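# what shape does this take:
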Amino acid sequence: QVHIVESGGGLVQPGGSLRLSCAASGTIFSIYYMGWYRQAPGKQRELVAAITSGGSTNYGDSVKGRSTISRDNVKNTVSLEMNSLKPEDTAVYYCYTRIIHILGDAIHDYWGQGTQVTVSS
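Residues are numbered from 1 along each chain as shown. This next block holds a predicted model:
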């Protein structure tokens, strides 16, 4: 069983910055993939940024150039820094992980509960 805990959301002024963090705990052999997705009211959930265990990253088009994702493979954490925030960045941000519990096991997907980010003056 795995527990996903997100932190760092809140109210941010346009042009400001924020840092979101996510920690996975429990029975974990390896975390293949960690990422952040977001969902605004009335819209589909979309990729913000993701990083593999090898360090390869992928960013959504809407945040490229103003976001940085990083992870700590020892602590099983992933962080997202976003700059130059815009009102359209307002959404619930979800941490997503792909975890192998024990060697030889299948990959299991886990989502966090979500953290609200509101960009407004």
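# bridged to residue 57, which residues?
Beta bridges link residue 57 to residue 51, judged by DSSP bridges.
# same check, this time on residue 38
Counting by DSSP bridges, residue 38 is bridged to residue 46, residue 93.
# again, but for residue 72
Residues in a beta bridge with residue 72, per DSSP bridges, are residue 77.
# likewise residue 30?
Counting by DSSP bridges, residue 30 forms beta bridges with residue 100.
# what sits against it?
For residue 30, the contacting residues are 53, 99-100, taking CB atoms under 8 Å, 6 or more residues apart in numbering as the criterion. Backbone N, C-alpha and C define where each C-beta goes, glycine included.
# and those, which are buried?
Neighbour-count burial (16 or more other CB atoms under 10 Å) is assigned, among the contacts of residue 30, to 99-100.
# among the contacts of residue 30, which one sits closest to residue 39?
Using CB to CB, the shortest approach to residue 39 within the contacts of residue 30 belongs to residue 99, at 21.5 Å.
# the closest one is in contact with residue 106, isn't it?
No - Residue 99 is not in contact with residue 106 according to CB atoms under 8 Å; the separation is 10.0 Å.
# doesn't residue 88 lie inside a strand?
No - according to DSSP: H, G, I helix; E, B strand; the rest coil, the state of residue 88 is helix, so it is not within a strand.
# closest one of the contacts of residue 30 to residue 11?
Relative to residue 11, and with distances defined as CB to CB, the nearest of the contacts of residue 30 is residue 99, at 31.4 Å.
# okay, the closest one and residue 18: tell me how far apart.
Here the distance between residue 99 and residue 18 works out to 25 Å (CB to CB, to the nearest Å).
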